[in-house]
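Engineer: Could you look at this predicted model? Sequence included:
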Amino acid sequence: MSISSINYGSSVLGAQVRNINQQLTDLSTQLSTGKLSQNYSGMGTNEGFAIAGRAQLSNIAAYTDTITNVNVNINLANTALQSLTTIRNTVQTGSAGTSQDLNVNGQTVAQNTAAAQFGSMVGVLNTQSGNRYLFSGTAYNTQSVADAGDIINGTTTQAGLKTVMAERKAADLGANGMGRLVQSTLASGAIQVQEDSATSPFGLKIAAVSSTLTGATVTGPSGSPVSFSVNLNGVNPNNGDKLSVQFTLPDGSTEQINLTASTATPTPVGSFAIDPGNPNVIPPVPSNPAITSANLNTALNTAITKLANTSLVAASAVAAGDNFFNTAGSATANAAATGNLSSYTSTTGTGSVALQDTALAAASTTTSLDPSATPHLNGAILNALANAPTGTTLTITGASGAHTITFDPTVTTVTTASGNTTIGLASGSAAKVSDILNAIATAAGVPSANVTLSASGNIQIATGTGTDVTVTGGAAATALGLSSVTRGSVSSTAPITGSTVLSGTATTGGPSVLSTAFQAGSAGPPVVNPDTITVNGQTLTFVASGAVGPNQINITDNVTTLLSKIDQITGTSKPSTIHGGVITINTDDPGSLNITSSNSTAFAALGFTTSPVTAAKAPLRVGSSPASSATTLVNGTANTVKWYTGNDGPGSARSTAVARVDDSVTVQYGAQADETAIRKQLQAIAVFGTFSTSPTGQYAGAQVAALSLRTTQALTPQAGQQKIEDIQTDIAMAQNTMKGASTRQTQAKAQLQTIIDQAESASPDQVASEILSLQNALQASYQTTSKLAQLSLVKYL
């Protein structure tokens, strides 16, 4: 029997040696690479954490690239916005200057500067970052604004700002150069000034009239078209008496004309001459109120013409700029609406006693109340008033409550305090019948002209429309024949106003009521649905009372409340108005304005005779030719340059550029050239730099001065309105958000790398220790193997 040799290669010991060699090889690789393995299978159970960490690191790298790119865009936009601020300050400084020297083109140095800065501003707004226009919103591949030359001068087929301004100026001035006002003298001798159209948006609008002209009657502003009149009634005003007329201009500003009656020679500016007559000829020529009225007429015409050719021209330029640049619009009622009105009328009461003097002649205002004078008021009447030694008291209640007139037989003077008058009837009194009349007027709170003495000596009291005059009976009232006088009333139709009530019956002295009422409906039977007005898809419902929120209105509310409710729904930044019975609905988005009503008849009573009510979209142009007689503004899209060519869709400008800079963080950094702050600045500078006038014109300097003032105001940041700095703040906040995200990501990046390193890295010390241990084991294995290799049966035995 033979014994075979040991097969080392297939032995268990040989396999162990090979295993140790493989481990040594792996550990050597770990020592040289620093990694646990060159493949995922060898990384161990923590490799899942490493894989997730690498994915997060990849996301952070992408966010970092995004932040870098967005920061480039924001920095460029901020530089552009800072340039806009510099441009604003430059133009504002020039417009605020006092120099109005005109060059041959009819412009000042400040205007030339503005024209140049306008070109610079257009260039800034067309800033690009790569191939992205920064001020175009989502339309970033499109130039933000049209070329400066096209905006101002237009193209071969489309009008620019210069043409729009010229058309608007002609429409606002009117053919007579008086701001679309018509001045005339009525048959009564009154001077009347009237707007030329009830529905026209052009020219001067009469806002208010006040007067201190002695003896004059001033009516209005009222009617449709709105007018006012002044009648001197054949009486010269006193020196210093004043007529004031306030107008609203197309840009929303107000201006006032003040005309003062004057005896000075020459007549001062802003005054009209009181005719002095000619006392130095024989016979003397008395003062003639008709000539004074003619002087007032001329002065009023001159003042209106000057206002129209100065401030109105400037306001017209501003309004034209708004028509061209602004996207807002309005819808004007088709006609002036009228409501039912019950008004008080003045009633004149005539005393029952014809006052006489001691000569039995009819008393006059100069008849003395001194019992020792000759003649004096009839003794019986005078004695009844004196009622010596106690006197008598006459109580009169009027506009300001009850007041007394005391006839005192112990004093000789006439005194008045707090509406109460004491008339002395003692011997030597300076009192006259006129003092009784004045005392009655003072106590009743009516003009002194309302209390007169008839030719027969009867006291006459005219209430006026403001108050009834109540006379409390007594000895004095009986002696003078006085009794209470009550106002009358008259029903009429008058143009609706803001105070016109939407439903009900007109009460005397109360506001007018819509000619056709809106109804609140009824629960029935039968059931009647309430009337509604639908504004841009939202329903405004009429209720009997207790209206809540913007979508309900009481039928007892007025037109002003209705317009306020409509404005809340549309969100307009410019409140809707009513003037001369004509309602104008303002809107920031004319393209979406759509108003209808379930009660078309009541809706028509508001002046809206067609439905739906819509607004013309910007740009707006004068609606007909010749412009001087036009009465509408119409959409000019087809034949007018569109200055802003970027995105003009809904939503905020900032939301037109959005970037994700972290897993749950996005920033908005978009900008558009049509944002309010940018648009207003561009508009103001364009108008100021484009406007020109005749350098030798009578009103040239005043026109430029008025426009300069408006430009300065327009370029002054206003509280509550967007400013360039607000846009900078918005994008700075985006940068701060990105900075915060970047800081967090830097920290996370370090932490993630640590996790990966811990999962995949091999410790050099540990690997070296393991290698040494394996080398020792391998050496022992080799020694054992060597001995086994030398083993024989003889040695074994």
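Structural biologist: Structure's in. What do you need?
Engineer: Could you pull up the residues touching residue 478?
Structural biologist: By CB atoms under 8 Å, 6 or more residues apart in numbering, the contact list for residue 478 reads residue 384. For every residue, glycine as well, the C-beta is placed using N, CA and C.
Engineer: The strand or helix carrying it: which residues count as buried?
Structural biologist: In the assignment (DSSP states H and E), residue 478 maps to helix 475-480. Within helix 475-480, the residues that count as buried by 16 or more other CB atoms under 10 Å are 476, 477, 478, 479, 480.
Engineer: how close does the first one sit to residue 391?
Structural biologist: Between residue 476 and residue 391 the distance, using CB to CB, to the nearest Å, works out to 9 Å.
Engineer: anything in contact with each of the two?
Structural biologist: Counting by CB under 8 Å, 6+ apart, the residues touching both residue 476 and residue 391 are 385, 407.
Engineer: Which secondary structure state is assigned to the residue nearest to residue 276 when sequence neighbours are not counted?
Structural biologist: Once flanking residues are discounted, residue 276 sits nearest to residue 287: 5.9 Å by CB to CB, 6 or more residues apart in numbering. Under DSSP: H, G, I helix; E, B strand; the rest coil, residue 287 falls in the coil class.
Engineer: now do residue 312
Structural biologist: Strictly by three-state DSSP, residue 312 counts as helix.
Engineer: Which residues are in contact with the residue nearest to residue 276?
Structural biologist: 236, 274, 275, 276, 277.
Engineer: Most neighbours among those residues, please name it.
Structural biologist: Neighbour counts for the contacts of residue 287, by other CB atoms under 10 Å, peak at residue 236, which reaches 25 neighbours.
Engineer: I'd like to know how far it sits from residue 109.
Structural biologist: 49 Å.
Engineer: List the residues that contact residue 573.
Structural biologist: Going by CB under 8 Å, 6+ apart, the list of residues near residue 573 reads 328, 588.
Engineer: repeat that with 7 Å
Structural biologist: Shown in contact with residue 573 (CB atoms under 7 Å, 6 or more residues apart in numbering): residue 588.
Engineer: Against residue 589, how distant is it?
Structural biologist: When residue 573 is compared with residue 589 (using CB to CB), they lie 11 Å apart.
Engineer: With residue 608 instead?
Structural biologist: On the measure of CB to CB, residue 608 and residue 589 end up 19 Å apart.
Engineer: before we move on, the earlier item: among the buried residues of helix 475-480, pick out the one closest to residue 301, please.
Structural biologist: For the buried residues of helix 475-480, the residue nearest residue 301 by CB to CB is residue 480; the value is 46.6 Å.
Engineer: Just the pLDDT at the closest one, thanks.
Structural biologist: pLDDT recorded at residue 480 is 97.
Engineer: Can you tell me how far it is from residue 471?
Structural biologist: Remark: distance between residue 480 and residue 471 (CB to CB) = 9 Å.
Engineer: isn't residue 702 right up against residue 307?
Structural biologist: No. The pair residue 702 / residue 307 is not scored as a contact, 9.8 Å apart, by CB atoms under 7 Å.
Engineer: Between the two, tell me which one has more neighbours.
Structural biologist: residue 307 (24 against 19).
Engineer: and the more buried one, which of the three is it?
Structural biologist: helix.
Engineer: which ones are touching it?
Structural biologist: Residues counted as contacts of residue 307 (CB under 7 Å, 6+ apart) are 179, 247, 255, 257.
Engineer: swap in residue 294?
Structural biologist: Taking CB under 7 Å, 6+ apart as the definition, residue 294 has no contacts.
Engineer: Assign it to helix, strand or coil.
Structural biologist: Assignment for residue 294 (three-state DSSP): helix.
Engineer: Pull up the gap between it and residue 280, please.
Structural biologist: Separation of residue 294 from residue 280 (CB to CB): 22 Å.
Engineer: how far does stretch 60-68 sit from the chain's center?
Structural biologist: 43 Å (CA atoms, centre = their mean, to the nearest Å).
Engineer: Give the rounded mean pLDDT of it.
Structural biologist: Mean per-residue pLDDT for stretch 60-68: 83.
Engineer: List of residues touching that stretch?
Structural biologist: In contact with stretch 60-68 (CB under 7 Å, 6+ apart) are residues 659, 660, 661, 662, 738, 741, 742, 745, 748, 749.
Engineer: One more: stretch 161-179?
Structural biologist: With contact meaning CB under 7 Å, 6+ apart, stretch 161-179 is reached by 151-154, 180, 196, 202-204, 250, 304-305, 307-309, 312-313, 316-317, 319-321, 323-324, 621-622, 627-630, 640, 686, 690-691.
Engineer: Would you mind listing which of these are buried?
Structural biologist: 151-152, 154, 180, 196, 202-204, 250, 304-305, 307-309, 312-313, 316-317, 319-321, 323-324, 621-622, 627-630, 640, 686, 690-691.
Engineer: Just list whatever residues bridge to residue 552.
Structural biologist: Beta-bridge pairing for residue 552 (DSSP bridges): residue 541.
Engineer: wouldn't it be in contact with residue 544 here?
Structural biologist: No. Using CB under 7 Å as the test, residue 552 is too far from residue 544 to be in contact (10.6 Å).
Engineer: The stretch 501-650 of the chain: helices as residue ranges?
Structural biologist: 559-570, 600-605 (DSSP state H, counting those that start in this stretch).
Engineer: Using TSV, lay out those together with mean neighbour count and distance to residue 420.
Structural biologist: Below are the helices of the stretch 501-650 of the chain laid out as TSV (neighbours: other CB atoms under 10 Å; distance: least, CB to CB, whole Å):
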stretch	mean neighbour count	distance to residue 420
helix 559-570	20	39
helix 600-605	18	48
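Engineer: Dump those helices into a markdown table; add mean pLDDT as well.
Structural biologist: Below are the helices of the stretch 501-650 of the chain laid out as a markdown table (pLDDT from 0 to 100):
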| stretch | mean pLDDT |
| --- | --- |
| helix 559-570 | 97 |
| helix 600-605 | 96 |
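Engineer: quick one, which of the ones you listed is nearest to residue 126?
Structural biologist: Closest to residue 126 of the helices of the stretch 501-650 of the chain is helix 559-570 (CB to CB; 32.5 Å).
Engineer: Show me the contact partners of the closest one.
Structural biologist: Against helix 559-570 from outside (CB under 7 Å, 6+ apart): 496-500, 502, 535-536, 538, 540, 550, 553, 575-576, 578, 585, 587, 593.
Engineer: Show me which of the residues you listed are buried.
Structural biologist: 496-498, 500, 502, 535, 540, 553, 576, 578, 585, 587, 593.
Engineer: Any chance of a markdown table for the residues you listed, columns distance to residue 708?
Structural biologist: As requested, the buried ones among the contacts of helix 559-570 are exported to a markdown table (distance: CB to CB, whole Å):
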| residue | distance to residue 708 |
| --- | --- |
| 496 | 39 |
| 497 | 36 |
| 498 | 34 |
| 500 | 40 |
| 502 | 45 |
| 535 | 40 |
| 540 | 43 |
| 553 | 44 |
| 576 | 31 |
| 578 | 32 |
| 585 | 33 |
| 587 | 31 |
| 593 | 35 |
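Engineer: Perfect, I'm done here.
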